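Visitor: Quick one, structure for this:
(one chain, ligands or ions: 1)
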Amino acid sequence: MFAPRMKNIKMSGIRKMFDLARGDAIHLGLGEPDFQPPENAKNALKKAVDDGYNKYGATPGMHELRDAIVEKEKRYRKDLTRDNVVVTAGGTEALMASIFTFIGEGDEVLIPDPGFVIYEPQVRLAGGKPVRYPLFEENDFVPKIDDLKITKKTKAIIVNSPSNPTGGVMGEEDIKAFVDIAEDNNLLIFSDEVYDEIVYEGKHHSFMGKYDNLIYVNSFSKIYAMTGWRIGYVMAKEEYLKEISKMHYYTMACPPTPIQYAALEAIKGEQDYVKKNLEEYRKRRDITVDGINKIEGFRCRKPKGAFYAFPSFTFNISSEALAMKIAKAKVIVTPGTAFGPNGEKHLRLSYANSIENIKKGVEIIGKVVRDIK
Ligand SMILES: Cc1ncc(COP(=O)(O)O)c(C=O)c1O
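Guide: Residues are numbered from 1 along each chain as shown. Sure thing, here's the model as predicted:
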């Protein structure tokens, strides 16, 4: 009945936990801000709908939005133009369209382990072979080139900084090392930077502007709390984007029109919203990490970015079984193995939730594990 490509494609472990959650559970499971989008963006969306902007638009997205994205991304590369941007249905479609454009039967793609849940299935669906590279707690989950298994079949590396699920952030030197090894082996880099504005120490270092064979993915989902609006973008050199645009067209036709007006307003308007949320996340991060470290058997490094803590534990139980036990106590967390085998003995806690809920959730986790010791 089903196409062979669907064989071994499983539903994401994050979604499984999400489906388990009952109404009164505390959610530390899902990677989305508890904030609402900025007011000006909500108003722009309502106005766009009322003004009749409800039709198909240009496949790569509307000019004004692509120009605004270019203006923003000139922080990393000065010579960008509108022809370097395609607006997509979130980072998800940006990655899917790009991976389908470049990856074919037998191509090996290096993906982080633990890493965001869509990389592996997207590469598989395209016919490629995902090859994991491990991230280690003792390196603050920053990837190291010595852990990359490059072969003759390697076509691309997927990198994600700040990282979901670890909160790890690559520094300038790490990026240089990845660029050098990609250059030496003629590899593409897919850089997923959807958390670029959620960095707590120092500044975000982008792959943009550092490498030519780059597919850069970003999104409005996390920074402007628009996860349900499905809008993001992919940037690359023009010849790459011409091909990516075909995949995008045959998947989406065009990005949603009224949402583009909202995204335009968000990106061009006052950015205090972004700064305010960052400070709130910082407080929540500290409370989460301090709370988890007080529970015997858990250890949690302070993540430098995104809104996830990725503690390890020493209890004699798998991460999936532990997450299930915690879910029964009505706190939803994600087992580390949802992000790859190297996530075993870890949980992912999303602290994009109120301080009150974080404190309650961490307290319940403490109680659950006291019982299993
Ligand atoms: C690392 C990473 N990349 C991409 C995405 C996709 O986000 P969206 O499709 O909402 O832009 C997510 C969402 O959780 C993510 O965590």
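
Visitor: so Ser312 sits right up against Ile295, yeah?
Guide: No - assessed by C-beta atoms under 8 Å, Ser312 is found out of contact with Ile295, at 11.9 Å. Heads up, the C-betas are built off the backbone N, CA and C, glycines and all.

Visitor: after the helix or strand hosting Arg348, next one along is what?
Guide: Using DSSP states H and E, Arg348 sits in strand 347-350. Later in the chain than strand 347-350, the nearest helix or strand by DSSP H and E is helix 355-372.

Visitor: measure the residue nearest to Thr166 when sequence neighbours are not counted to the ligand for me?
Guide: Excluding the flanking residues, the one nearest Thr166 by C-beta to C-beta, 6 or more residues apart in numbering is Phe141, at 3.6 Å. Using C-beta to the nearest ligand atom, to the nearest Å, Phe141 is found at 13 Å from the ligand.

Visitor: Then Pro335?
Guide: Taken as C-beta to the nearest ligand atom, the span from Pro335 to the ligand is 16 Å.

Visitor: contacting residues around that residue?
Guide: 13, 17, 318-320, 322-323, 343, 346-348 (C-beta atoms under 8 Å, 6 or more residues apart in numbering).

Visitor: Now flag whichever of these is closest to Val368.
Guide: Leu322 (8.0 Å; C-beta to C-beta).

Visitor: in which helix or strand would I find the closest one?
Guide: Element membership for Leu322, per DSSP H and E: helix 319-328.

Visitor: cool, and Ile158?
Guide: Judged by DSSP H and E, Ile158 forms part of strand 154-160.

Visitor: again, but for Lys152
Guide: Judged by DSSP H and E, Lys152 forms part of no helix or strand.

Visitor: and it, how far is that from Leu187?
Guide: Lys152 sits 12 Å away from Leu187, going by C-beta to C-beta, to the nearest Å.

Visitor: part of a helix, is Arg284?
Guide: Yes - assessed by DSSP: H, G, I helix; E, B strand; the rest coil, Arg284 belongs to a helix.

Visitor: doesn't Ile355 make contact with it?
Guide: Yes - between Arg284 and Ile355 there is a contact under C-beta under 8 Å: 6.1 Å.

Visitor: and the strand holding Arg348, how far from the chain's centre?
Guide: 14 Å (C-alpha atoms, centre = their mean, to the nearest Å).

Visitor: helices and strands around that strand, which ones?
Guide: strand 308-309, helix 319-328, strand 334-335 (3 or more C-beta pairs under 8 Å, 6 or more residues apart in numbering; DSSP states H and E).

Visitor: and that strand, what's its mean pLDDT?
Guide: For strand 347-350, mean pLDDT is 97.

Visitor: List the contacts of that strand.
Guide: Contacts of strand 347-350 (C-beta under 8 Å, 6+ apart): 27-32, 165, 288, 292, 307-311, 313, 319, 322-323, 326, 333-336, 338-339, 361.

Visitor: Also stretch 351-369?
Guide: 26-28, 31-35, 281, 283-285, 287-288, 291-292, 294-295, 297-298, 307-309, 313, 315, 322, 325-326, 329-331, 333, 349.

Visitor: which of these are close to the ligand?
Guide: Filtering the contacts of stretch 351-369 for proximity to the ligand by C-beta under 6 Å from any ligand atom leaves Gly31.

Visitor: Mark which of the contacts of stretch 351-369 are buried, thanks.
Guide: 26-28, 31-34, 281, 284-285, 288, 291-292, 295, 298, 307-309, 313, 315, 322, 325-326, 330-331, 333, 349 (16 or more other C-beta atoms under 10 Å).
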